[in-house]
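**Q** sequence? don't have it. structure:
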Ligand code: CTP
């Protein structure tokens with residue numbers, strides 16, 4: 001990514017502060033960031049902070065003679081591989097959808113010949129207004145890519161969709177868009193399972209686990225970035241669906257298996273979900289009361305193994321990849337799992353490494369019948385991109 005460069009348009013919204021973190025993440029990954037700060041954006045973040053993090057000059061004024069002498073606005077609009085608008089305010093979206101060009105940001109959006117990725121951020125009523133709906137449809141038809149918005153509590157005190165996607169999610173969408181030149185997985189179908197499963201004990205209680213879903217979502221995004229048609233079968237997580245991925249939400253292991261089976265045939269299956277090994281044998285339709293009998297016994301039965309089932313399906317995907325969380329004897333355990341489940345690769349995850357469980361980094365080794373490849377510790381997004389690349393090479 002060292003030679004890649006983005007033009008980052010920071011619009012005027014409270015979410016502008018997240019553009020600073022996005023800039024930091026991109027610079028850390030070696031992506032060049034050239035910022036344009038709108039007048040309204042400058043009410044929320046200062047040119048100095050943006051410039052310091054981007055390690056570049058901040059552009060703001062369409063009619064600045066100095067800017068024009070150094071680089072004209074047309075050249076500026078084409079000087080990057082991708083134009084990112086974060087936050088994309090209702091105003092910026094409306095201008096871009098209608099071809100208005102009365103400041104540097106809107107002129108750049110009209111003049112550019114590069115792909116554009118927008119991260120919308122606005123009040124829920126503004127997001128749901130028919131005008132914004134129309135603008136969104138127009139922009140999508142024009143080929144603009146979108147990440148978010150998320151649903152949640154807003155700075156204005158309301159709740160709903162309109163909150164800008166988190167910097168990490170925008171970062172992933174940028175990396176996917178930048179990598180989208182090469183599409184070695186075009187025409188291939190992939191199933192990815194992610195997140196925990198939740199097994200009901202009664203209508204209000206569950207057995208679940210702490211899986212965040214981050215690694216699985218990153219893999220789904222990375223496969224889609226290489227051109228695969230991805231179905232992400234996800235247990236309950238707090239994550240937004242990655243751009244360009246079909247997400248199917250499930251709760252239990254049995255629902256997850258059914259969703260995977262109905263996504264067949266596929267070329268690739270990557271099982272990253274932390275599936276509950278057992279579920280309560282019976283789930284009453286009434287809440288269990290405390291009563292006098294002491295704690296109720298909860299009889300458990302084994303859940304179906306999704307990875308093993310897909311590995312021996314009549315329409316088996318050509319490449320089936322499982323994950324294994326290990327704390328010791330990583331290679332031996334991964335080999336045993338490869339044999340037991342009948343998959344092609346096991347991505348062994350050394351969870352004894354501090355900060356990997358639930359965190360943003362992972363230390364993995366790829367175990368195949370041919371041998372083992374150890375990867376250094378890296379961000380989950382990077383693990384995902386390298387794995388997607390390896391999968392693409394395998395299916396050549
Ligand atoms: N898996 C699955 N369905 C299950 C259980 C696990 O698809 N019912 C998949 C996971 O998505 C992962 C792999 O199998 O790809 C992990 O296997 P598992 O035997 O559950 O591994 P561990 O939890 O590491 O097992 P153990 O407790 O035996 O170490």
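**A** Cool, the structure landed. This is a predicted model, so every value here is computed, not measured.
**Q** In the stretch 101-250 of the chain, which residue sits nearest the ligand?
**A** Residue of the stretch 101-250 of the chain nearest the ligand, by CB to the nearest ligand atom: residue 193 (5.7 Å). Quick note: C-beta positions are derived from backbone N, CA and C, even for glycine.
**Q** Could you verify my assumption that that residue touches residue 306?
**A** Yes - the pair residue 193 / residue 306 is scored as a contact, 6.1 Å apart, by CB atoms under 8 Å.
**Q** So which of those two has more stuff around it?
**A** Neighbours were counted for residue 193 and for residue 306 using other CB atoms under 10 Å; residue 193 has more, 33 against 26.
**Q** Whichever strand or helix holds that one pairs with which strands, parallel or anti?
**A** Element membership of residue 193, judged by DSSP states H and E, is strand 189-194. Counting by DSSP bridges, the strands paired with strand 189-194 are strand 229-234 (parallel), strand 268-271 (parallel).
**Q** Average pLDDT for the helix or strand that the first one is followed by, rounded please.
**A** Where DSSP H and E defines the elements, the next helix or strand beyond strand 229-234 is strand 246-249. Confidence over strand 246-249, taken as the mean pLDDT, stands at 95.
**Q** Next, report how far the helix or strand just after strand 246-249 is displaced from the centre of its chain.
**A** Heading C-terminal from strand 246-249, the first helix or strand you meet, by DSSP H and E, is helix 253-262. Once both centres are worked out by CA atoms, centre = their mean, to the nearest Å, helix 253-262 turns out to sit 22 Å from its chain's centre.
**Q** And helix 253-262, what's buried?
**A** For helix 253-262, burial by neighbour count (16 or more other CB atoms under 10 Å) applies to 253, 255-260.
**Q** Which single one of those is nearest to residue 143?
**A** Nearest to residue 143 among the buried residues of helix 253-262, counting by CB to CB, is residue 259 at 30.1 Å.
**Q** hang on, isn't the closest one packed against residue 247?
**A** No - between residue 259 and residue 247 there is no contact under CB under 8 Å: 10.2 Å.
**Q** Kindly point out which residues are neighbours of both of those two.
**A** Common contacts of residue 259 and residue 247 (CB atoms under 8 Å, 6 or more residues apart in numbering): residue 231.
**Q** Measure how far the strand holding residue 193 is from the centre of its chain, please.
**A** Using CA atoms, centre = their mean, the offset of strand 189-194 from its chain centre is 13 Å.
**Q** And the next helix or strand past that strand?
**A** strand 199-202.
**Q** Buried residues in that next one, which are they?
**A** So, applying 16+ other CB under 10 Å, buried residues of strand 199-202: 199-202.
**Q** picking that back up, mind listing the shared neighbours of residue 193 and residue 306?
**A** With contacts defined as CB under 8 Å, 6+ apart, the residues shared by residue 193 and residue 306 are 256, 260, 271, 273, 275.
**Q** Which helix or strand lies directly C-terminal to the lowest-mean-pLDDT helix or strand in the chain?
**A** One helix or strand of the chain scores below all others by mean pLDDT, DSSP states H and E: helix 65-70, with a mean of 54. Downstream of helix 65-70, the next assigned helix or strand under DSSP H and E is helix 73-77.
**Q** For that next one, which helices and strands make contact with it?
**A** If you count contacts as 3 or more CB pairs under 8 Å, 6 or more residues apart in numbering; DSSP states H and E, helix 73-77 packs onto helix 104-111.
**Q** which parts of the stretch 101-250 of the chain sit against the ligand?
**A** Taking CB under 6 Å from any ligand atom, the part of the stretch 101-250 of the chain that reaches the ligand is made up of residue 193.
**Q** Show me where the stretch 51-200 of the chain has its strands.
**A** Using DSSP state E, counting those that start in this stretch, the strands of the stretch 51-200 of the chain run over 82-88, 116-120, 145-146, 150-153, 159-163, 189-194, 199-202.
**Q** Present those as a markdown table; the columns should include mean pLDDT.
**A** Formatted as a markdown table, the strands of the stretch 51-200 of the chain follow (pLDDT from 0 to 100):
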| stretch | mean pLDDT |
| --- | --- |
| strand 82-88 | 97 |
| strand 116-120 | 96 |
| strand 145-146 | 91 |
| strand 150-153 | 82 |
| strand 159-163 | 86 |
| strand 189-194 | 98 |
| strand 199-202 | 95 |
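**Q** quick one: residue 334 from residue 269, how far?
**A** Taking CB to CB, to the nearest Å as the measure, residue 334 falls 17 Å from residue 269.
**Q** the more surrounded of the two?
**A** Taking other CB under 10 Å, residue 334 and residue 269 do not tie; residue 269 has more neighbours (29 against 23).
**Q** Get me the contact residues on the stretch 251-396 of the chain for the ligand.
**A** Taking CB under 6 Å from any ligand atom as the contact definition, the stretch 251-396 of the chain meets the ligand at 253, 271-273, 275, 277, 303, 305-307, 322-325, 337.
**Q** spatially speaking, which residue is in the middle of this protein?
**A** residue 242 (4.1 Å; CA atoms, centre = their mean).
**Q** which residues touch the helix or strand hosting residue 222?
**A** Element membership of residue 222 [criterion: DSSP H and E] is helix 214-225. Helix 214-225 is contacted by residues 172-173, 175-177, 179-180, 185, 190, 192-195, 230, 232, 234, 237, 239, 241-245, 268, 270, 272-273, 323, 360, 362, 380-381, 383-385, 387-388, 391 when judged by CB under 8 Å, 6+ apart.
**Q** Just the buried subset of those, please.
**A** Using 16+ other CB under 10 Å as the burial test, the contacts of helix 214-225 include 172-173, 175-177, 179-180, 185, 190, 192-195, 230, 232, 234, 237, 239, 241-245, 268, 270, 272-273, 323, 362, 380-381, 383-385, 387-388, 391 as buried.
**Q** Buried residues, stretch 100-117. List them.
**A** Residues of stretch 100-117 classed as buried by neighbour count (16+ other CB under 10 Å): 101, 103-109, 112, 115-117.
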